[in-house]
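Visitor: Have a look at this prediction, sequence included:
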Amino acid sequence: MATSSDKEDAGKEGPPPLDDFTERLDRMRGEHDPGEEKSGSGSGAAWGRALRASSDLLAGLFVGTVLGLLLDRWLGTSPWLLLVGIGIGFAAGLRNLTRSMK
Amino acid sequence: MQGFRVASPMEQFEIIPIVDLSLGSIDISLTNSAVWMLIGTGAIIAFFFAATRRAAIIPGRLQSTAEVLYEFVSDLVRDTVGPEGRKFFPYVFTLFVWILVANLFGMIPSLPGLPKAAHTFTTTSHLVVTLALAMVTITIVIVYGFYKNGLGFFKLFAPSGQPFYMYFLLVPIEVVSFLSRPLSLAIRLFANMFAGHIILKLFAGFVVSLIGAGGFLAVVGILPFIGAAAVTALEFLVAFLQAYVFAILTCIYLNDAVHAADH
């Protein structure tokens, strides 16, 4: 029996050989275009996006403020580094925001 | 009217020790939170054990579900991190499935009349849990980033193509932005689960109070009931979406670690 006819009768005589399966799988994987579909839309996604934006902004501000506060306590420069920290934290929050909304 | 006691929407988040344990002065009691983590982990292990026990070319129902999950995360890792991301697949997969199961198990209604300790508990509605997960992610990013790129990892904090004086401002901003990532990751998951469950309990509480009030108000009670049903559906979506968001952001951060030197 030739291998070509093996492939054609595969459906009747049992599962096709695994090598063949891998070949087909690889071919289909090759056609798959990555990064095509993203998460869906709708009110759930909008709600998710809103919380995402707020958490990004909040986290940046929080980390900046805490860093400023700790540095102040360490170096005894209160309140200047706290003020700088808040500013940089806010900027970092916006940076997070622009990155995640991109 | 006296017969109804409407539970406070915050009561569901209460940590209740079930078995008191301590290690020296540290309290390591088995709490309801820990129990639900164990239940979730156990369920995942049992599920994948059952799904892969009799692996067939033509998959059964369980195996199909497991394969869909596998492919979903596998595509996610490949699309975001690229072929180098393969080695992170086990971590991202574990993270995704664990968070998904923790979120979904929190949606199981508690049986009425049970003691509080036996109520269902959403482990991901606590900031400690999500923060611990985010810390693991960021630790992997930092350790692998330095292992892969050496000191080139610091290029992550200095986006190229800026006049040199801008770096005095940009580097602190990028450093704070990097440090805030685990926090942002943790807050996002925690806030979603926390807020969703509070809204759910509030609507449910309204139904009970309105029906308890009787008369015309009992008829109005149908409105929060519809609301509660809608929010329940939304919460299932959020449970999935947040597990997905956590996984995809982990991938994005890992991508930074892998490709830090290319910036």
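Guide: Great, that's in hand.

Visitor: how about stretch B:32-42: buried residues?
Guide: Residues B:Asn32, B:Ser33, B:Ala34, B:Val35, B:Trp36, B:Met37, B:Ile39, B:Gly40 are the ones in stretch B:32-42 that count as buried (16 or more other Cβ atoms under 10 Å in any protein chain shown). Yep, even glycine has a C-beta here, placed from its N, CA and C like the rest.

Visitor: which residues does the fourth one contact?
Guide: The reference is to B:Val35. For B:Val35, the contact set (Cβ atoms under 8 Å, 6 or more residues apart in numbering or on different chains) comprises B:Ile18, B:Phe121.

Visitor: and it, what element?
Guide: Element membership for B:Val35, per DSSP states H and E: helix B:32-53.

Visitor: can I get the CA coordinates of that helix in CSV?
Guide: Written as CSV, here are the backbone C-alpha positions of helix B:32-53 (Å, rounded to 0.1, in the frame of the first residue of the first chain):
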residue,chain,number,x,y,z
ASN,B,32,-11.4,30.6,55.8
SER,B,33,-9.3,32.4,53.2
ALA,B,34,-6.6,29.7,53.4
VAL,B,35,-9.2,27.0,53.2
TRP,B,36,-10.7,28.5,50.0
MET,B,37,-7.3,28.7,48.5
LEU,B,38,-6.7,25.1,49.3
ILE,B,39,-10.1,24.2,47.9
GLY,B,40,-9.3,26.1,44.7
THR,B,41,-5.9,24.6,44.3
GLY,B,42,-7.2,21.1,45.0
ALA,B,43,-10.0,21.6,42.5
ILE,B,44,-7.5,22.6,39.8
ILE,B,45,-5.2,19.6,40.5
ALA,B,46,-8.2,17.3,40.5
PHE,B,47,-9.5,18.8,37.3
PHE,B,48,-6.3,18.6,35.3
PHE,B,49,-5.6,15.1,36.7
ALA,B,50,-9.0,13.9,35.5
ALA,B,51,-8.7,15.8,32.2
THR,B,52,-5.3,14.3,31.3
ARG,B,53,-5.7,10.9,32.8
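
Visitor: what is the rounded mean pLDDT of it?
Guide: What helix B:32-53 shows for mean pLDDT is 92.

Visitor: chain center to that helix, what's the gap?
Guide: Distance of helix B:32-53 from the chain centroid (Cα atoms, centre = their mean, to the nearest Å) equals 16 Å.

Visitor: Around B:Phe240, how many other residues sit close by?
Guide: By other Cβ atoms under 10 Å in any protein chain shown, 17 other residues sit near B:Phe240.

Visitor: Contacts only, for it.
Guide: Contacts for B:Phe240 were tallied using Cβ under 8 Å, 6+ apart; they are B:Leu100, B:Asn103, B:Leu104.

Visitor: Considering the residues you listed, which possesses the most neighbours?
Guide: B:Asn103 (27 neighbours).

Visitor: Who are the packing partners of the helix or strand that B:Lys201 is a member of?
Guide: With secondary structure defined by DSSP H and E, B:Lys201 is part of helix B:167-213. On a contact count with 3 or more Cβ pairs under 8 Å, 6 or more residues apart in numbering or on different chains; DSSP states H and E, helix B:167-213 meets helix A:43-75, helix A:80-101, helix B:127-149, helix B:215-220, helix B:222-258.

Visitor: remind me which residues of chain B are low pLDDT?
Guide: B:1-7, B:261-263 (pLDDT under 70).

Visitor: can you list the residues of it near chain A?
Guide: Within chain B, the positions lying close to chain A (Cβ under 8 Å from any Cβ of the partner chain) are B:57-58, B:75, B:78-79, B:169, B:172-174, B:176-177, B:179-181, B:183-184, B:187-188, B:191-192, B:195, B:234, B:237-238, B:241-242, B:244-245.

Visitor: Of those residues, just the buried ones, PyMOL syntax please.
Guide: Those of the residues of chain B next to chain A that count as buried under 16+ other Cβ under 10 Å are selected in PyMOL with:
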select buried, chain B and resi 78+79+172+173+174+176+177+179+180+181+183+184+187+188+191+192+234+237+238+241+242+244+245
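
Visitor: for A:Leu71, what are its contacts?
Guide: Neighbours of A:Leu71 in contact, by Cβ under 8 Å, 6+ apart: A:Thr77, A:Leu81, A:Gly85.

Visitor: Let's have those residues in a markdown table, adding neighbour count and pLDDT.
Guide: Below are these laid out as a markdown table (neighbours: other Cβ atoms under 10 Å in any protein chain shown; pLDDT from 0 to 100):
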| residue | neighbour count | pLDDT |
| --- | --- | --- |
| A:Thr77 | 13 | 84 |
| A:Leu81 | 20 | 90 |
| A:Gly85 | 25 | 91 |
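
Visitor: any chance of those in TSV, plus distance to B:Leu69?
Guide: As requested, the contacts of A:Leu71 are arranged in TSV below (distance: Cβ to Cβ, whole Å):
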residue	distance to B:Leu69
A:Thr77	52
A:Leu81	47
A:Gly85	42
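
Visitor: Let me know the closest of those residues to chain B.
Guide: Distance to chain B across the contacts of A:Leu71 (Cβ to the nearest Cβ) is lowest for A:Gly85, with 8.0 Å.

Visitor: All set, thanks.
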